[in-house]
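# My questions concern the predicted model and sequence given below.
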Amino acid sequence: MDELSLLGPRAWGEPCGLARFKQTPEDFQVDEVLGIPLSGSGEHLWLWVEKRDLNTEEAARRLAGAAGVPVKAISYAGLKDRQALTRQWFSLHLPGKADPDLSRAEDAQLAILERQRHSRKLQRGAHAANRFTLRLTALEADRPLLEARLQQIKAQGVPNYYGLQRFGFDGGNLAEARHWAAQGSLPEQRNRRSRVLSAARAYLFNRQLARRVAEGSWNRAEPGDLLAFTASRSFFMAGEAECQDPRLAALDLHPTAPLWGEGVLESGGRIALQEQQLLDEERVLADWLSAAGLRQERRILRLPIAHLAWHHPDPETLQLHFVLPSGCFATVVVRELLALHPADATESPCAY
């Protein structure tokens, strides 16, 4: 499947030019922003780990092997891409055990930067945000247009699409999800089950967002919308008064769309009709997600880009710095700015 089918239209027009991405790990750097105070004591050892050319699951296996514990004793907040330089937290469950010697896990690809004890394990999605440093090289762009676009997305955000990596190479995760949905069953393997359910859920969300982008309503509220703050999972119905809330203009408050699961739509008016129409068009996937026992949630349609800054280290390079809420994708920020050279278009940087 192509990019437009899996994501949707751009909000701010065609890309301002071309660039290369992820030629080296330093071109895609991610730091988790934890936002959790660690107590310094407890049966869980938390590790701040730097990884280079190493995915999260392999890092977890290395840490488990060095600590002499099963992989299930290792927890992490989110997956980070292999082809990147990333710093993220892991926790090891070590009840009644001293801190192990983890030197066997360390090499040029993995370094442990900090260790702290805590009373609880690290939960998926527990980190507050991710801080990105992206370097785009071989830049061929209309510079005044690119500068204006950067200012525009800094002030107004971008559509909060799930990135292509959620769907696998050539949309393979979504194709597999459709296969299982048609059978009314699920894969037995936990990781595979999670992957296909996530792909289906993300696809339905992206289709809702794509329709809002196409009609120009993705970044404004109307009566019947369910509104949520940037870092909140709770939401409330928008009436006429809520649609004038100044926090919408400040990019603190946003319209949402469903992450499908058990339950009924709680939106109203035209928004509810639009959301229901798409679910009816994708009834097999929607019913499959409900039967899997997923709880229905909401996701914000607009992605605010915090602390966005940029500079040109040389005439052919653009370096970006910004912070995104956890679960959001840096690639959708790049997509509103530049297209990738064809040789790089199949790369799939993770963005959690």
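Received it, and whenever you're ready, just let me know what you need.
# what about the helices in this structure?
3-6, 56-67, 143-156, 172-183, 190-215, 246-249, 269-281, 283-291, 330-335 (DSSP state H).
# Can you name the residues that contact the nearest residue to residue 122 once chain neighbours are set aside?
Excluding its sequence neighbours, the residue lying closest to residue 122 (Cβ to Cβ, 6 or more residues apart in numbering) is residue 91, at 3.9 Å. Every C-beta, even on glycine, is put in place using the N, C-alpha and C of the backbone. Applying Cβ atoms under 8 Å, 6 or more residues apart in numbering to residue 91 gives the contacts 44, 45, 46, 47, 74, 75, 76, 118, 121, 122.
# nearest to residue 228, of these?
Nearest to residue 228 out of these is residue 122 (Cβ to Cβ; 24.2 Å).
# Can you get me a residue count around that closest one?
Residue 122 has 24 neighbouring residues, counting by other Cβ atoms under 10 Å.
# Also the one 10 residues further on?
Close neighbours of residue 132, defined as other Cβ under 10 Å, add up to 23.
# looking at it, it is touching residue 29, isn't it?
Yes - taking contact to mean Cβ atoms under 8 Å, the distance of 6.8 Å between residue 132 and residue 29 places them in contact.
# Domain map for this structure?
Domain assignment for the chain, taken from automatic domain parsing, gives 21-27+129-153+306-344, 36-118, 158-303.
# Now do the shortest one, average pLDDT.
Right, the one you point to is domain 21-27+129-153+306-344. In this model, domain 21-27+129-153+306-344 has a mean pLDDT of 95.
# Over to stretch 95-106?
Rounded mean pLDDT across stretch 95-106 is 96.
# List the buried residues for the longest strand anywhere in the chain?
Longest strand in the chain by number of residues, with DSSP state E as the criterion: strand 129-141. For strand 129-141, the buried set under the neighbour-count rule, 16 or more other Cβ atoms under 10 Å, comprises 129, 130, 131, 132, 133, 134, 135, 136, 137, 139, 141.
# Turn these into JSON lines, columns for distance to residue 162.
Formatted as JSON lines, the buried residues of strand 129-141 follow (distance: Cβ to Cβ, whole Å):
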{"residue": "129", "distance to residue 162": "17"}
{"residue": "130", "distance to residue 162": "15"}
{"residue": "131", "distance to residue 162": "20"}
{"residue": "132", "distance to residue 162": "17"}
{"residue": "133", "distance to residue 162": "22"}
{"residue": "134", "distance to residue 162": "18"}
{"residue": "135", "distance to residue 162": "23"}
{"residue": "136", "distance to residue 162": "21"}
{"residue": "137", "distance to residue 162": "26"}
{"residue": "139", "distance to residue 162": "26"}
{"residue": "141", "distance to residue 162": "26"}
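# Specify which member of the residues you listed is nearest to residue 228.
Among those, and counting by Cβ to Cβ, the member closest to residue 228 is residue 129, at 15.9 Å.
# Spit out the contact partners of that closest one.
32, 33, 35, 306, 323, 324, 325, 326.
# The same query, at a cut-off of 7 Å, please.
The contact partners of residue 129, by Cβ atoms under 7 Å, 6 or more residues apart in numbering, come to 33, 323, 324, 325, 326.
# about what we covered before: between the helices of the chain, which gets the lowest average pLDDT?
Minimum mean pLDDT among these: helix 3-6, a mean of 90.
# Check the offset of that helix from the chain's centre.
17 Å (Cα atoms, centre = their mean, to the nearest Å).
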